[in-house]
Structures are given as structure tokens and as C-alpha cells.
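Colleague: Sequence isn't available, so here's the structure alone:
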């Protein structure tokens, strides 16, 4: 029996349903139940209703203690990772009338939701219009009829809320991207090999840490790719690869800088490449021998992963992410004091919807050095501001998030001046 069938069996014995969880999974479940079943959904349950809206999809939001136990009342726990304490409390209160949505059921629900959103909100046509504008430029970006694969043009963040689609239709377009940055150029894909001499002048560093299960030996097939363990100074665990605590480094700051301690190490401890770049152990650019040949043939300055489209404006997103409003306000002031020409760029960026995520890219060495000089100067001044005001920022990854936006600003400022191309972003298990 499939997980969705088990869900339907559970619904048959419960005349009233509460959904525990008002996040992504809970909302997905609500959409499924209201469009496929006759379930009587009374409301949502959350751990702390004072940290949530009073209503979700028109249904009242409760705390568990407010729910009155009745014989035919059931609770479906729809949380991405279900803590033991929540499982225990629900068992104690509802005994048998409870269903936990574990990983397999969540996956089935997500597959249903993607198909449903496409049919309800005409997403296929919206994405196809984007693809039609660039398919002559990039024949590999073939239109595919599902949301995940349709991200070959723009990666779209946060598709679970039906209220977001008007913004997607209006702003997730090549016209909008061009207004914010300029014309999007997509790299050609192919199968030719590159000149062996050129290959040695390209270095792409893949960041890993002692916490992930990446095997550095698996990357040795690509001689231009090197693996570097970041945060190496903070652990005794070693992988068979480069370490970011050798030479001039900021390895001890990895909990704040994330992959950017690797970026700093590359900047300070390598030189002489034609092109140098950074990738994550799970997030990689689509790049191979043929693409490297295309980079040289077109004299590309920067190769970036396809931009991320946010349902929120960049400023709204920044204020809801791990970067606080104060972080961003101080960062902006530092940037403008360093270079007044960024004032108008910052305004355009904050009001826009696109940014280049994950601190990933491949740059000509001179531009790489220029970017690092700029970004780490901003970071140094931001750290100095907090230190001089006795403010401790430790372990919250804030600097890694700030670097994403600094990189996007750096790209936006000279987008039409430089020869910038985009390639797909691949997700590796």
C-alpha cells in the first residue's frame, strides 16, 4: 500500500482533522486534502502559536494544549523532521488517532503538489515562455514538464505557497532579469575535449567539510578540480585533500564564513591560473571539457550558475534570512563608503528578485582577486564594527550569507561591462 493510500485510510476513521505543522509540509498536506478528499480540516497545530500567524489558509492556528480530545478527532503530523518531543506529546494525547508524515509520504505529497501546481497555475506555460526566449542560444535547455527540471533557466525558491504564483508570473521572466542585470548569456553544452595545455590553467576548488560524506578521491577524474576541506582548524578529522588551515587562512572562522574560508585560502595561497573558481560538495556548476573550451573560445570573464529567483524581493529575503536587518544595514554603509558608485546598485539590487546564490562561480584570476579584495575588505570592516561594539557573532553563518549578496552586487555592478555567461547548477547527493 502506498503512503498516500495509508493517509486516505486514516482519513476514513477521523471526522475532524488537525494538521500539526504550518510550514512547507503542512501547507502541502492541506492542498492535497482539500483537492483530493472530503477531509474536514479544523485547523493547524503549532508548537508556539504566538510565533505564527493566527490563520493559515483560512484555518485557525492552535497550540496542542488547546485541542479538545474527541473520539473521531485525528492529527496528522506534517513536519519535515519530527522531533521526539512532538511525537511523544501527540502519542500521549491522541493515542491511535495520529499519523506521522515521514520522508516517503512527504516525497509522494511533493510529487503530487508539483503536478497540481502546474495544472492549476499554468506554470508550464510560464516556464516555457522563458525557455522559448533562449532555446536558440542554449539548445540543451529543453523544456521539461515539471518544476524541478524547468529550473534550467531560473532556479525558483519557495514554490510551496499558492499565493506566490502571481509574483512568479510577473517577475520571473527574462525581461525582469535583463532589467536588473542585463542580457543573459547561456553557455553552450557539447561533447568535445579541450586543449590539454589550457586545462592546466583552470582550477575549480570543491569545498567539503568533516561533516559531509563526500569522497575527495571521486573527483580525481577531473584534473582541473581540487577538493579543499574547510574548517579544518576546528576538527581533528582529515580528508585526503587540501586543508584550509595551511598557509595564510581564516579556517577558525568557518562557522561564520562557511565556504568562504575556502575562498579566502584560494585567494591567499594560489596564483597563476587563467581561471579559478569555487563549488560546493553538493552544489556544482555544469562544467566539463567542452564548456572549458567554450570559455576560452568566447573569452568569457565569469561563468556563473543560473541565477536564483526569489518570491520575495532581495531586501525582503535578506531580512528573513540569517542575515539580520542590522547586518545588512551596516554592510551597505561599509560598501557605499568604500565605493559610492554602489549606492544606486544597492537600491536596484534590493528591489530586484534575482541573485547569484551559494558563492559559486568561475572567474578570470584578475577578477577573482578583485572580487576577493572587495568582499573580504567589507567583511573585515563588518567584523571590526561588531568587535568595537562588543557584539559577538559566533556560529550563525551570517558572513556566508552576506557574501552571497556581496558577490551578486559585484556581478550586477559590471554585468554589462564583463563577458558573463551562465551554466546550470547541479545538485549532487
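Modeller: Great, that's in hand. Keep in mind that this is a model prediction, so the values were computed, not measured.
Colleague: which residues are contacting stretch 101-111?
Modeller: 2-4, 6-7, 25, 28-29, 32, 76-80, 82 (Cβ atoms under 8 Å, 6 or more residues apart in numbering). C-beta: built from backbone N, CA, C; applies to glycine.
Colleague: tell me which residues in it are buried?
Modeller: For stretch 101-111, a neighbour-count test (16 or more other Cβ atoms under 10 Å) marks 101, 105, 106, 108, 109, 110 as buried.
Colleague: again, but for stretch 66-78
Modeller: 67, 73, 74, 75, 76, 77, 78.
Colleague: Same question for stretch 381-393.
Modeller: Buried residues in stretch 381-393 (16+ other Cβ under 10 Å): 381, 382, 393.
Colleague: wait, what's in contact with the first one?
Modeller: Going back to what we said before, that points to residue 381. Residue 381 touches residue 334, counting by Cβ under 8 Å, 6+ apart.
Colleague: Distance-wise, check it relative to residue 413.
Modeller: Residue 381 is 18 Å from residue 413, where distance means Cβ to Cβ, to the nearest Å.
Colleague: Ok, the second one next?
Modeller: If you measure residue 382 against residue 413 using Cβ to Cβ, the figure is 19 Å.
Colleague: still on that earlier bit, tell me the buried residues within the contacts of stretch 101-111.
Modeller: Listed as buried from the contacts of stretch 101-111 are 3, 4, 7, 25, 28, 29, 32, 76, 77, 78, 79, 82; burial here means 16+ other Cβ under 10 Å.
Colleague: Among these, which one sits closest to residue 420?
Modeller: residue 28 (36.1 Å; Cβ to Cβ).
Colleague: Following the chain onward from the helix or strand encompassing the closest one, which element is next?
Modeller: Using DSSP states H and E, residue 28 maps to helix 24-36. Helices and strands here follow DSSP H and E; after helix 24-36, the next one along the chain is strand 41-46.
Colleague: and that next one, how far from the chain's centre?
Modeller: Its chain's C-alpha centre lies 29 Å from the corresponding centre of strand 41-46 when counted by Cα atoms, centre = their mean, to the nearest Å.
Colleague: Kindly report the same for stretch 340-351.
Modeller: 23 Å.
Colleague: tell me which residues in that stretch are buried?
Modeller: By 16+ other Cβ under 10 Å, the buried positions in stretch 340-351 come out as 342, 345, 346, 349, 350.
Colleague: So which of those residues is the closest to residue 425?
Modeller: Closest to residue 425, out of all of the buried residues of stretch 340-351 and judged by Cβ to Cβ, is residue 349, at 20.1 Å.
Colleague: Would you map the helices across the stretch 1-150 of the chain?
Modeller: 3-12, 24-36, 84-94, 103-121, 123-134 (DSSP state H, counting those that start in this stretch).
Colleague: Highest mean neighbour count out of these?
Modeller: With neighbours defined by mean count of other Cβ atoms under 10 Å, none of the helices of the stretch 1-150 of the chain is more surrounded on average than helix 24-36, at a mean of 20.
Colleague: That one - contacts with which helices or strands?
Modeller: Using 3 or more Cβ pairs under 8 Å, 6 or more residues apart in numbering; DSSP states H and E as the contact criterion, the elements in contact with helix 24-36 are strand 16-20, strand 41-46, strand 55-56, helix 103-121.
Colleague: Identify whichever of those lies nearest to residue 91.
Modeller: Using Cβ to Cβ, the helices and strands packed on helix 24-36 put strand 16-20 closest to residue 91, at 12.1 Å.
Colleague: Tell me what angle that closest one forms with strand 41-46.
Modeller: With axes from the mean of the first three to the mean of the last three Cα atoms, to 10 degrees applied, the angle from strand 16-20 to strand 41-46 works out at 20 degrees.
Colleague: what does strand 16-20 contact?
Modeller: 11, 26, 29-30, 33, 39-46, 62, 64, 67, 70, 72-79, 86, 90.
Colleague: try it again with 6 Å
Modeller: 26, 29, 39-45, 73-78 (Cβ atoms under 6 Å, 6 or more residues apart in numbering).
Colleague: Of these, which is the nearest to residue 329?
Modeller: Using Cβ to Cβ, these come closest to residue 329 at residue 26, 33.1 Å.
Colleague: wait, the closest one sits on residue 79?
Modeller: No: between residue 26 and residue 79 there is no contact under Cβ atoms under 6 Å: 7.4 Å.
Colleague: Could you list the domains of this protein?
Modeller: 3-109, 196-427 (automatic domain parsing).
Colleague: what about the shortest one, start to end distance?
Modeller: Read it as domain 3-109. Its first and final residues considered, domain 3-109 spans 9 Å by Cα to Cα, to the nearest Å.
Colleague: and residue 315, what helix or strand is that in?
Modeller: Using DSSP H and E, residue 315 falls in helix 314-320.
Colleague: Report the buried residues of that helix.
Modeller: Judged by neighbour count using 16+ other Cβ under 10 Å, the buried positions of helix 314-320 are 314, 315, 317, 318.
Colleague: what's that helix packed up against?
Modeller: Here helix 314-320 touches helix 342-351, going by 3 or more Cβ pairs under 6 Å, 6 or more residues apart in numbering; DSSP states H and E.
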